[in-house]
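Q: Coordinates only, no sequence provided:
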């Protein structure tokens, strides 16, 4: 990825334009008007038509001056020596994104019943964990296919390679994040999260759950070897980690920072400090989830930000670089992440609508049967799309977060109705989707007819 070009130095621009009051006012006015084009970086400005009567440098100066009054300094996050303080702003039109996230992720206004109903929300919870585990790992180089990865998690089999270990680690870590969401963040908890996401995936196992040492020269670079980021010195990491935890836990108390912004800045913070030899990205995204849940954004359990990030990974990386190349202006990363969170919520809502339509179709097809529960209807919806697929009691339990007896009864009942076939291999019962399931559902007229289609032995 090409590194964004650094803007001209503001002190030099001031020397060339500051003494011309008329030019200065014209530049600032052009800067204000350019906000309609988005939050522009110098690298983007180089490709736009100039306002009449201004050079590109003068236009940039006006943009920076018009932004300055609305900027806030981010407390506790220290820049590297010689760099400006981290600042951020919330452009007016983008404030609606925060409002939408507050309504959907923190409240229950008009939220679909599927994620508020005790009987159905587990299905969406497990699916979101799987999606986040897979895509977060793929962002870091995991190459396992989605089908294989989902099978790994749902069946509980042993991972075969590093990619599968990354995915399973992420899945278990996300489960753990939900369990510790009410705890205060501490340096030890951050180390534990890192150990959880990297266990068995690093060449040197001693790197799991520990800060990088001063003899470990870590930089962020691309495949061509171009260095994009040199993190703070390892000797600073303990103090920086302590400061990050204080910030995550709500300090400074006398300065309000919107909870969603705090979570986003925590995501950036760990990426900037890069405190580990490897696994920083996975740990940073896990901390984002912890922070959102810790601050009562309950819907975060059901969304996957990595699913959105994976669709445009270059934009994700670039949002870090835009911040660092423009005087540590966090607004670039902030706006990118707000868009990501908003889109992930939209993906969830659209997914729920699609699932609802599928389940309605299943319900139409099984209207002649005595009522099936929501888990059985969900399984039939999946089965119609996957003829020949095999389920186990263990996979059904994992998919719906139920106890063994409930999972066993669900599958037995469907088998007795002829909608699954069963066989025992070794000590495991397998329940297979008949290739003609659609025809069976369409032709069934009564419970008695279904029972004639297939039979099952005592399990």
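A: Okay, I see it. Being a predicted model, the structure only gives us computed values, none of them experimental. Numbers count the residues shown, from 1 in each chain.
Q: what about the residue most central in space within the chain, distance to residue 430?
A: Geometric centre of the chain, nearest residue: residue 305, 2.3 Å, by C-alpha atoms, centre = their mean. According to C-beta to C-beta, to the nearest Å, residue 305 stands 35 Å off from residue 430. Every C-beta, even on glycine, is put in place using the N, C-alpha and C of the backbone.
Q: Domain-wise, how is this protein divided?
A: 10-69, 85-350, 376-453 (automatic domain parsing).
Q: I'd like those written out as JSON lines, with mean pLDDT and distance to residue 75 added.
A: Converted to JSON lines, the domains of the chain look like this (pLDDT from 0 to 100; distance: least, C-beta to C-beta, whole Å):
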{"stretch": "domain 10-69", "mean pLDDT": "90", "distance to residue 75": "18"}
{"stretch": "domain 85-350", "mean pLDDT": "92", "distance to residue 75": "5"}
{"stretch": "domain 376-453", "mean pLDDT": "84", "distance to residue 75": "40"}
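Q: got these as TSV, with distance to residue 1 columns?
A: As requested, these are arranged in TSV below (distance: least, C-beta to C-beta, whole Å):
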stretch	distance to residue 1
domain 10-69	12
domain 85-350	5
domain 376-453	37
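Q: Which among those domains is found nearest to residue 365?
A: domain 376-453 (4.1 Å; C-beta to C-beta).
Q: chain center to that closest one: distance?
A: 32 Å (C-alpha atoms, centre = their mean, to the nearest Å).
Q: and what of stretch 267-277?
A: Worked out by C-alpha atoms, centre = their mean, stretch 267-277 lies 16 Å from the chain centre.
Q: and if you look at stretch 227-235?
A: Averaging C-alpha positions (C-alpha atoms, centre = their mean) puts stretch 227-235 25 Å from its chain's average.
Q: Give me the contacts around that stretch.
A: Stretch 227-235 is contacted by residues 1, 3, 78, 80, 211-214, 216, 218-222, 240, 272-275, 317, 320-321, 324 when judged by C-beta atoms under 8 Å, 6 or more residues apart in numbering.
Q: and the end-to-end length of it?
A: 21 Å (C-alpha to C-alpha, to the nearest Å).
Q: now do stretch 227-234
A: Length of stretch 227-234, first residue to last, C-alpha to C-alpha: 18 Å.
Q: ranges for the strands of the stretch 251-400 of the chain?
A: Counting by DSSP state E, counting those that start in this stretch, the stretch 251-400 of the chain has these strands, from start to end: 390-392.
Q: Check which helices and strands the longest helix belonging to the chain is in contact with.
A: Taking DSSP state H as the criterion, the chain has its longest helix at helix 331-365. Judged by 3 or more C-beta pairs under 8 Å, 6 or more residues apart in numbering; DSSP states H and E, the packing partners of helix 331-365 are strand 87-88, helix 95-101, helix 121-139, helix 259-273, helix 305-311, helix 313-325, helix 374-385, helix 437-443.
Q: any chance of these in TSV, with distance to residue 53 too?
A: Converted to TSV, the helices and strands packed on helix 331-365 look like this (distance: least, C-beta to C-beta, whole Å):
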stretch	distance to residue 53
strand 87-88	29
helix 95-101	32
helix 121-139	45
helix 259-273	37
helix 305-311	41
helix 313-325	27
helix 374-385	61
helix 437-443	69
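Q: which one of those lies closest to residue 414?
A: Nearest of those (C-beta to C-beta): helix 374-385, 5.9 Å.
Q: ok now the closest one, how far from the chain's centre?
A: Put simply, helix 374-385 sits 27 Å off its chain's centre (C-alpha atoms, centre = their mean).
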